[in-house]
Structures are given as C-alpha cells and as structure tokens.
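# Here's a sequence, model it:
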Amino acid sequence: MASDGAPVTPTVRPSRAGRNLAAAIAVGLGLGAVILVSLLVVHEAFIAVIALAAAVGTWELAGALRRSAGIAVPLPVLLLGGQAMVWLAWPFGVAGLAVAFAATVVAALLWRMPAGPDGFVRDVTASVFTAAYVPMLCAFATLLTAPADGAGRVLTFLICVIASDVGGYTAGVLTGRHPMAPTISPKKSWEGFAGSLVAGTVAGALCVAALLDGPWWAGALTGAVLVVSATLGDLIESLVKRDLGIKDMGTLLPGHGGLMDRLDSLLPTAFVSWVLLSVLVPV
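Numbers count the residues shown, from 1 in each chain. Sure, this is the predicted structure:
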C-alpha cells in the first residue's frame, strides 16, 4: 500500500540477463513438452511441428524485413516452398530438400519480375536469404529424424543446445565479466561461453552414449561443436536484428520475443548436428 493509501502494483523485473525469467521458463517447458510428445509418439507429428516452426519463423522474418527495411519478400512462395523443403526431406532426403529449395528460388525470381527492376536484386536476395536461413535449415531437423534412431539423434541435438543455453545463462549471470561480442550481443560473456561449453560437452557425451550407443568421445566432440554452432547462430540473429534496428523478431512467446528468437541457435545447429552425427555415429 502506498503512503497515500493507493494499492501498489507489483513490478515484474527482468533477470540480470534481460529476460522475464519466469515467463521464459514456462514457455520453454511448454515448447519442450510439445516437441517431446510429438517426437516420441509418431515421427510425422514431429515433422509437422518442424513445418509449423518453419512457417512461423518465415512469417516473422518477412514481417521484420518489411517493417524495418521496406523489403518485400514473396511470403506465399516462401511459405509453400518452406513446407516443400521440410516435408520432401522426409522421404527423399537431401535430394528432396535441394529440389524444393531450388524451386523456391526460381519461384521467387518469377514472382518479383512483374514489379520491375527497381530493387529487384535487393528483394530477391532477401527472399533467397529467408528461404535458406529458416525453412532450409529447419529441414535438416527432418533429416535428423529420418533414420531408425532418429528420435535419439533429435534429442541429442536438442539437449545439447538446451544444455548450452542453460550453462551459458547460469555462468553468465553468476560470473560474467568479459564481453564476448559487445557490439553484437552485449550480454554474452566469455564466462558464459565457458559454462555453455562444459554443459554442452557433458550433455553430448551422455546423449550419444545413452541414446545412440555411440562412443562417449564422439558425443563430447559433438556437444562441444554444437555449443560453438549454437553460440554463432545466436550472434548471427543478433546481427540481423541490429541491422534491421529491432529488439525482437516478434512477440509470440512471452519472455522470449518471437519464435525466431528461440530458433536462432537451433537453425544452424540442426545442420551441424546432421553432419556430425552422420559422420561420427553412422546409422
């Protein structure tokens, strides 16, 4: 109660890392539950989750480009092409993904032609970037799912990224002193990265040994590389947002921003995971 008798409204303060931590944890757990249930019940349901994430991420990025830079990308083409990439990678592998991506690029070129030459290269370049950055990289999660032990591969990928995020967040909040990339992401610290590296390496060793019957050292190597990939993915999206002059890609997820603000570390890491696990733990 204030001194004048009026009730005081409690203020929700963000954590030292700049998030509404309670909302972020609740949303993260909810997303994790959806992913886990869909992955373990039927693989096609998990691919539907990937397809939905690709569509929402594409829509958010296209909206950010339009609002902040005046760049018009052909959203119908990108949404349809993105679904083709995600779903065709399931039965046809890399070949299906490559054909769908190439068809999307050609369709984007043709869609933009009637508007004339002004800004043609800019708009088409942004369209190709969007198609490659969101749905094409999402489709590598589909490729991870395809083998008989696909659930274990996907869980290894996700658990390593989550461990990296939790380890980095904890170490950064408690001991972060030395900025890693102050002009890109001021809150990232080398201490946080060290925490990510420890947590991700341990998670990788445990997951590959327990879920894929692979050697622990292959899991440790996988976890360490995925931490680097996840960190770089986060910094890449930060660069995109700084270039566009925005804080978040959207407002869909309380405590996180847009869905793209959660996909940032996952997108390149899905590709890296597929490559590493294909080489180190072949089917």
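# the helices in the chain, which residues?
For the chain, the helices identified by DSSP state H occupy 21-41, 43-69, 75-112, 120-131, 137-145, 150-175, 190-211, 216-244, 260-263, 266-280, in order along the chain.
# among the ones you listed, which is nearest G250?
Taking CB to CB as the criterion, G250 comes closest to helix 43-69 out of these, the separation being 4.4 Å. Any C-beta I mention is one placed from the backbone N, CA and C, and that applies to glycine too.
# Give me the angle between that closest one and helix 216-244.
Taking axes from the mean of the first three to the mean of the last three CA atoms, to 10 degrees, helix 43-69 and helix 216-244 form an angle of 30 degrees between their directions.
# hmm, back to that, winner for burial among the helices of the chain?
Across the helices of the chain, the average number of neighbours (mean count of other CB atoms under 10 Å) peaks for helix 137-145, which reaches a mean of 26.
# Hmm, T251 is touching G257, no?
Yes. Counting by CB atoms under 8 Å, T251 touches G257, with 6.8 Å between them.
# Who has more neighbours out of those two?
Residue environment comparison for T251 versus G257 gives the larger neighbour count to G257, 21 against 11, counting by other CB atoms under 10 Å.
# Report the separation between the more buried one and I246.
From G257 across to I246, the span is 9 Å (CB to CB, to the nearest Å).
# Low-confidence regions, this protein specifically.
Counting by pLDDT under 70, the chain contains low-confidence residues at 1-25, 27-28, 253-256.
# what's the neighbour count on S185?
Here the count is done by other CB under 10 Å, and S185 has 18 residues near it.
# Go ahead and confirm it touches L235.
Yes. The pair formed by S185 and L235 meets the contact definition of CB under 8 Å, at 5.9 Å.
# who touches V134 in this structure?
A54, G57, T58, L61, G82, M260, L263, L267 (CB atoms under 8 Å, 6 or more residues apart in numbering).
# The fourth one is in contact with A131, isn't it?
No. Counting by CB under 8 Å, L61 does not reach A131; the two are 10.2 Å apart.
# a markdown table for the contacts of V134, including distance to S68?
Formatted as a markdown table, the entries for those read as follows, by distance: CB to CB, whole Å:
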| residue | distance to S68 |
| --- | --- |
| A54 | 21 |
| G57 | 16 |
| T58 | 16 |
| L61 | 11 |
| G82 | 21 |
| M260 | 13 |
| L263 | 18 |
| L267 | 20 |
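# Of those residues, which is the nearest to G200?
L267 (16.7 Å).
# give the contact list for A55.
Under the criterion of CB under 8 Å, 6+ apart, the neighbours of A55 are L79, G82, Q83, P135.
# cool, and W274?
Taking CB under 8 Å, 6+ apart as the definition of contact, the neighbours of W274 are F140, L143, L144.
# And it, how far from A218?
Distance check for W274 against A218: by CB to CB, it reads 15 Å.
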